[in-house]
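J.: this one's sequence-less:
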């Protein structure tokens, strides 16, 4: 998106201290939006704010706690003077292990972060946007919610499939109220979360993609901005895959 294309828009990005969230928050800021970001790591958040040259505001929140999420959305809307766009990006990918070897606590962490946090954020965002007459929500899902690329990520894949279903259901419920809700599904994008989960040899992974390379967070950010823009005004309940051809292979 070009500079100024989101001028006057008020945006909340959760999980914005690294990877796709960071890239998306910075892209919105460069395009002229007023942006609030959330995350757990204040030091990394300070780096994002500095990279945006003060165009972002950081608010901390525990995204699995209903009261904290409501307070975050209310505070963001108060600070910005309203809320036009929300990108729900916070996520967690477990270390790779077969299903029978995953601890029950890992299930709780994956689903609390990837699904409960999105559900709570959407509830608060929808309420705020309904009161204002409309808005746009984009949820970060994954191609793993459509097709599990490798063994060892059953929990992550299941949680992202649930995000896609939640997105479609909410889109159907609120489209008539002026709220567009869509999802973006990254494929193999080089982020700290992907690397921490044990992706293996990156060159080998890249060679297995039709595009023959890993994606960049900035490429997903551009997809999010398009979904949030007026150019996508008739796009609702859609899942936009940014995957280098992974699902076509």
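T.: Sure, I can see it. The structure presented is a predicted model; accordingly, all values stated were derived computationally and were not measured.
J.: for the helix or strand residue 46 falls within, which helices and strands make contact with it?
T.: Secondary-structure assignment from DSSP states H and E places residue 46 in helix 42-51. Here helix 42-51 touches helix 19-30, strand 34-39, strand 56-60, going by 3 or more C-beta pairs under 8 Å, 6 or more residues apart in numbering; DSSP states H and E. Any C-beta I mention is one placed from the backbone N, CA and C, and that applies to glycine too.
J.: adding mean neighbour count, write the ones you listed out as CSV.
T.: Output for the helices and strands packed on helix 42-51, formatted as CSV (neighbours: other C-beta atoms under 10 Å):
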stretch, mean neighbour count
helix 19-30, 26
strand 34-39, 27
strand 56-60, 18
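J.: of all the ones you listed, which one is nearest residue 236?
T.: Among the helices and strands packed on helix 42-51, helix 19-30 comes nearest to residue 236, with 19.8 Å by C-beta to C-beta.
J.: return the distance of that closest one from the chain's centre.
T.: For helix 19-30, the separation from the chain centroid amounts to 11 Å (computed by C-alpha atoms, centre = their mean, to the nearest Å).
J.: try stretch 110-125
T.: That offset, for stretch 110-125, works out to 11 Å (C-alpha atoms, centre = their mean).
J.: likewise for stretch 33-50?
T.: With C-alpha atoms, centre = their mean, you get 15 Å for stretch 33-50.
J.: let's see the distance spanning it from one end to the other.
T.: With C-alpha to C-alpha, to the nearest Å as the measure, stretch 33-50 spans 16 Å from end to end.
J.: pull the residues that contact that stretch.
T.: 6-18, 21-22, 25-26, 28-29, 52, 55-63, 72, 75-76, 79-81, 85, 90 (C-beta atoms under 8 Å, 6 or more residues apart in numbering).
J.: in ChimeraX, select just the buried ones from those.
T.: With 16 or more other C-beta atoms under 10 Å as the burial test, the buried ones among these are selected in ChimeraX as follows:
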select :6,9,10,11,12,13,14,15,16,17,18,21,22,25,26,28,29,52,55,56,57,58,59,61,63,72,75,76,80,85,90
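J.: show me the strands in the protein, by range?
T.: With DSSP state E as the criterion, the chain has strands at 10-13, 34-39, 56-60, 85-88, 135-140, 179-186, 239-242.
J.: want to throw those strands into a markdown table with mean pLDDT and distance to residue 205?
T.: A markdown table is the format used below for the strands of the chain (pLDDT from 0 to 100; distance: least, C-beta to C-beta, whole Å):
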| stretch | mean pLDDT | distance to residue 205 |
| --- | --- | --- |
| strand 10-13 | 98 | 27 |
| strand 34-39 | 95 | 26 |
| strand 56-60 | 94 | 32 |
| strand 85-88 | 98 | 26 |
| strand 135-140 | 98 | 20 |
| strand 179-186 | 97 | 14 |
| strand 239-242 | 97 | 16 |
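J.: can I get these in CSV with distance to residue 230?
T.: Formatted as CSV, the strands of the chain follow (distance: least, C-beta to C-beta, whole Å):
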stretch, distance to residue 230
strand 10-13, 14
strand 34-39, 17
strand 56-60, 22
strand 85-88, 11
strand 135-140, 10
strand 179-186, 10
strand 239-242, 16
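J.: ok, now how distant is the spatially most central residue of the chain from residue 146?
T.: Nearest residue to the geometric centre of the chain (C-alpha atoms, centre = their mean): residue 89, 2.3 Å. Per C-beta to C-beta, to the nearest Å, residue 89 is found 18 Å from residue 146.
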